[in-house]
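Novice: Need coordinates for the following:
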Amino acid sequence: MDGVKEAEVRKEYENVQKDRIEDIPNVISPLSKETQDKMKEVFSREKKTMGMRQMMSSKTDLTDLKNKLYQCFMMSTSKDRPRQEYQYREGGYIIMPSVSAPVVLDNVYKLLNDAEYIPQEDARRIKDSHVDIVHRDTVYHFVEKLPKNVGDNELIAVFVIGQSWQFRGFPIKDPYKFLERYLGFYVRLDSKEWPRDPWLKDCTIVNLDSNDQRNWKDCKDMFWRTLDDYLERRKR
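Specialist: Residues are numbered from 1 along each chain as shown. Now for the predicted structure:
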């Protein structure tokens, strides 16, 4: 994917969405034969394990399949591909723990984009101060510290660690008042005991199993569903 930006291919990907799923690997061009073969391999595997009819009847599964296609598409480094710009909608900021926790900046992308959990100690270190994840054509910024001049309406949620001192650097320092306005997620790993601070009752508890791949997908889906519902309510 070196040298290829998502914005340069996203528009073509959107056009592909209109085609029949089983035909997609054959209609995207120009792509190298290697990339096309990788795409067809993904489709073949998905059809064997889940069944194309089931995927076509499930919006979530269909979206996941298209996202896998997009990742394969991004593997192409063809210099001949027309450069097109695509403008994502701005979704806002989500604050991640800056200390040891089950889900941090280093592994949040794999979990919430790929439905794959990698423990913090095994995850590749993120050099940037943020991680961007695109969901429904909207880009969300995951950060450990809010950039300056971020408006109140640009902040969406926080991954909490169950300690009140975490809120000291937030726009609203009182956990109760913060969670009245913004979303809070607490990741409970492998059914371990978790803090019983009263304000945690206002958080969404994410029960993450480090050894269950189906659970990873459930956690990913629950996160985005909760976020979507919250943002819909905030519009009213």
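Novice: Okay, domains of this protein per the record?
Specialist: Residue ranges for the domains of the chain, per the TED database: 2-77, 89-235.
Novice: Just give me the lowest mean pLDDT stretch among the ones you listed.
Specialist: Mean pLDDT is lowest for domain 2-77 among the domains of the chain, at a mean of 56.
Novice: pretty sure Phe142 contacts Ile133?
Specialist: Yes. Proximity of Phe142 to Ile133 meets the contact threshold set by Cβ atoms under 8 Å, at 6.6 Å. Where you see a C-beta, it was placed from the backbone N, CA and C, and this is true even at glycine.
Novice: which of those two has more neighbours?
Specialist: Taking other Cβ atoms under 10 Å, Phe142 and Ile133 do not tie; Phe142 has more neighbours (21 against 17).
Novice: For this protein, which segments are assigned as strands?
Specialist: Remark: strands assigned in the chain by DSSP state E are 89-95, 130-135, 138-143, 155-160, 183-189, 204-208.
Novice: Can you tell me which of those is most buried?
Specialist: strand 155-160 (a mean of 23; mean count of other Cβ atoms under 10 Å).
Novice: For that one, output the C-alpha coordinates as PDB.
Specialist: The C-alpha coordinates for strand 155-160 follow below in PDB (Å, rounded to 0.1, in the frame of the first residue of the first chain):
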ATOM      1  CA  LEU A 155     -15.400  15.400  21.200                       C
ATOM      2  CA  ILE A 156     -17.400  12.200  21.100                       C
ATOM      3  CA  ALA A 157     -16.200   9.600  23.500                       C
ATOM      4  CA  VAL A 158     -13.400   8.300  25.800                       C
ATOM      5  CA  PHE A 159     -12.100   4.900  26.600                       C
ATOM      6  CA  VAL A 160     -11.900   4.900  30.400                       C
END
